[in-house]
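Undergrad: please work out how this folds:
(2 chains)
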Amino acid sequence: MSGALATQVGQLARRSVLRTLRQPAQIVPALVFPLFLLAVNSGGLKDATNLPGFPTDSYLTFALAVPFMQGALFSVMNAGTDLARDIETGFLNRLALTPLHGAALLSGLLAGAVVLGLVQAVTYLSVGLIAGADLAAGLGGALVIVALAVSITVAFGTIGLFAALRTGSGEAVQGLFPLFFVVLFLSSMALPLELLQTDWFHAVASANPVSYLLQAFRSLLIEGWNLPDLALGFGIAAAILAIGMTAASAALKTRLVRT
Amino acid sequence: MADSEVRMGIEAEGLVREFKNGPRAVDGIDLRVAPGEIYGFLGPNGAGKSTTVLMLTTLLPPTAGTARVAGFDIVKEGGRVRGAIGAALQEAALDPLLSGAEHMRLQTALHGLAKAERGERSRELLARVGLSEAAERKVGEYSGGMKRRLDLALALVHRPRILFLDEPTTGLDIQSRTALWDEVARLAAEEGVTVFLTTQYLEEADALADRVGIIDHGHIVAEGTPAELKAEIGRPTVEAVPRDPADQPRVAEALAPFGESVGCSHRTGAAVLLAGGESQLADVVRALDSNGIAIEQLQLHAPSLDDVFLAKTGRSLEGAGEEEDEAGSEEMEAVQA
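TA: Numbering: from 1, shown residues only, chains lettered A, B, ... in the order given. Just a heads-up that it's a prediction; the model follows:
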């Protein structure tokens, strides 16, 4: 990376992080809402552990994977809404009048998602462990969980950037939130894939990448080190990141019509 | 204008911008702005001012025509144009969550100033626009005038040769407006910065601009120094508004012998350029009286830029602004889309 590009990424990342930290309305719901759902689900569905083949006798441990995904969904909204606001206010035009590299803009904007992802992951994991969840992979596993959560948060953040660049509207970006929640519910969120008895739901959840992202977290929490599950989880995050970044870069070129 | 001057200024020929399913926002304008000149681009909302600025600052490709800014082609050499210009676009585009100093830090870094130079340049510009004390406050707490001054400082970080200001004083109180005029005039006079300023305020163009271009419906309808443009009109205008709007045709008829009819700023009135000058006013009053027309308002005024606009377009600039608000909104939406 050239010096100028590194400076641009650094400065835009600094702005993105400052913006995130200065907006409690972005951070607090992303922390509280998933933990609230975790409390409700782990209390209400704990009898599911009696099903034959359920991988653990602690539903809290099983359900602890879900907040990481919900947190990532918040990053879609936050990254996208921030960029949409820049478009709406003309701040993007200000940036476009500088010798700004498009890659620097996207990378810098995702820095805020990294920070939010980090804070979320550490909080969810800490609260889960304090509440009694297991962590079969130990301290090393905790670090991998945080790394995976940040990767997924950034990957989903690119989708938010793409939506913002395509629509230029914060409302449109926020409109994605329910859609992503439906995708989350149509996964192995509540039960392992192999225990989903309804055919169509099993088929949809099996085809849903979110199921495999959840399984990557669960493998560390319940089993210990399961390299194929981890590879699949990180691979899916990388694929979403690559697709999202490519789409966002193309949308940025269209949005930044500077000659 | 000599070639060397063109290299340092702005030159446009036949510049056109059309939007999909929309109007021809800019319809073949020609421009020449000399180095160090303050050029006022005057027109109502929706006339094409902002679209012209977006094209000249490389943020919007023209549909047709050519333009060179600081000697560089706006289409083929966009990067070099951007390196030579500074711009404060319509509505100060600032981040309410960042402080003034943080904006300066970001802007100086993105423009590639050396790390050691960034702080000094930021402090210098913030001091110049009177924001040193507010530098660490978040922009969300700034007044409209402070935001505009910060916007100007941000546009100047890389020492541009040409400065584009798109309605820089819209919505500001008179004190903030005057302070900004002073700084713009100083930039042109002391630093030789070429200023392309759009405005819908007649007094702004009159007070600040060396030359004025009046744009309406995407066309430049008049161009010259404010004095030249007013001299074109030359004679005072008398406007009469009857108490009963139904008398408007009778008023027009009574005024007709005194000079050429021009557009009236009041919908139910009539106006003429007094061929014989101010001395005809008494005769005008007598003519209206002898026709038995009750008059609500009678105004005599010396030529102003509004008269020039009125003479060239048949509408008052302020009235046209209200009338074309919708067109202006459509224009900006099209730009954003």
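
Undergrad: burial count for residue B:120?
TA: 11 (other CB atoms under 10 Å in any protein chain shown). Using the backbone N, CA and C atoms, a C-beta is placed for each residue, glycine as well.

Undergrad: and for residue A:62?
TA: Each residue near residue A:62 was counted by other CB under 10 Å, and the total is 29.

Undergrad: contacting residues for the nearest residue to it once chain neighbours are set aside?
TA: Spatially, and ignoring its direct neighbours in sequence, residue A:62 is nearest to residue A:56 (5.5 Å; CB to CB, 6 or more residues apart in numbering or on different chains). By CB atoms under 8 Å, 6 or more residues apart in numbering or on different chains, the contact set of residue A:56 is A:49, A:62, A:134, A:222.

Undergrad: need the pLDDT of residue 243.
TA: Let's take chain A. We have a pLDDT of 97 for residue A:243.

Undergrad: try again with chain B
TA: Residue B:243 carries a pLDDT value of 92.

Undergrad: other residues contacting the helix or strand harbouring residue B:215?
TA: Residue B:215 is part of strand B:211-216, with elements assigned from DSSP states H and E. The contact list for strand B:211-216 (CB under 8 Å, 6+ apart) reads B:29, B:31, B:33, B:37-44, B:47-49, B:52, B:205-206, B:220-226, B:229, B:305, B:308-309, B:312-313, B:320.

Undergrad: repeat that for 6 Å
TA: Residues outside strand B:211-216 that contact it (CB atoms under 6 Å, 6 or more residues apart in numbering or on different chains) are B:39-43, B:47-49, B:205, B:220-223, B:225-226, B:309, B:313.

Undergrad: where does the residue nearest to residue A:62 land on pLDDT?
TA: Reading off the model, residue A:56 has pLDDT 93.

Undergrad: list just the nearest of the contacts of residue A:56 to residue B:12.
TA: residue A:62 (66.7 Å; CB to CB).

Undergrad: what mean pLDDT does stretch B:34-46 have?
TA: Rounded mean pLDDT across stretch B:34-46 is 89.

Undergrad: typo on my end, stretch A:180-191
TA: pLDDT averaged over stretch A:180-191 gives 93.

Undergrad: how deep is residue B:218 tucked in, by neighbour count?
TA: Counted with other CB under 10 Å, residues neighbouring residue B:218 total 24.

Undergrad: which residue packs closest to it, ignoring adjacent ones?
TA: Here the residue nearest residue B:218, using CB to CB, 6+ apart, is residue B:27, at 3.5 Å.

Undergrad: sec struct for that neighbour, please.
TA: Of the three states, residue B:27 takes strand according to DSSP: H, G, I helix; E, B strand; the rest coil.

Undergrad: right, and it touches residue B:219 too?
TA: Yes: between residue B:27 and residue B:219 there is a contact under CB atoms under 6 Å: 5.5 Å.

Undergrad: more neighbours: the two, which one.
TA: residue B:27 (20 against 17).

Undergrad: and the nearest residue to residue A:55 once chain neighbours are set aside, how many neighbours?
TA: Spatially, and ignoring its direct neighbours in sequence, residue A:55 is nearest to residue A:222 (5.3 Å; CB to CB, 6+ apart). Neighbours of residue A:222 under the rule other CB under 10 Å: 22.

Undergrad: now do residue A:213, the pLDDT please.
TA: pLDDT for residue A:213: 97.

Undergrad: can I take it that it is in a helix?
TA: Yes: assigned with three-state DSSP, residue A:213 falls within a helix.
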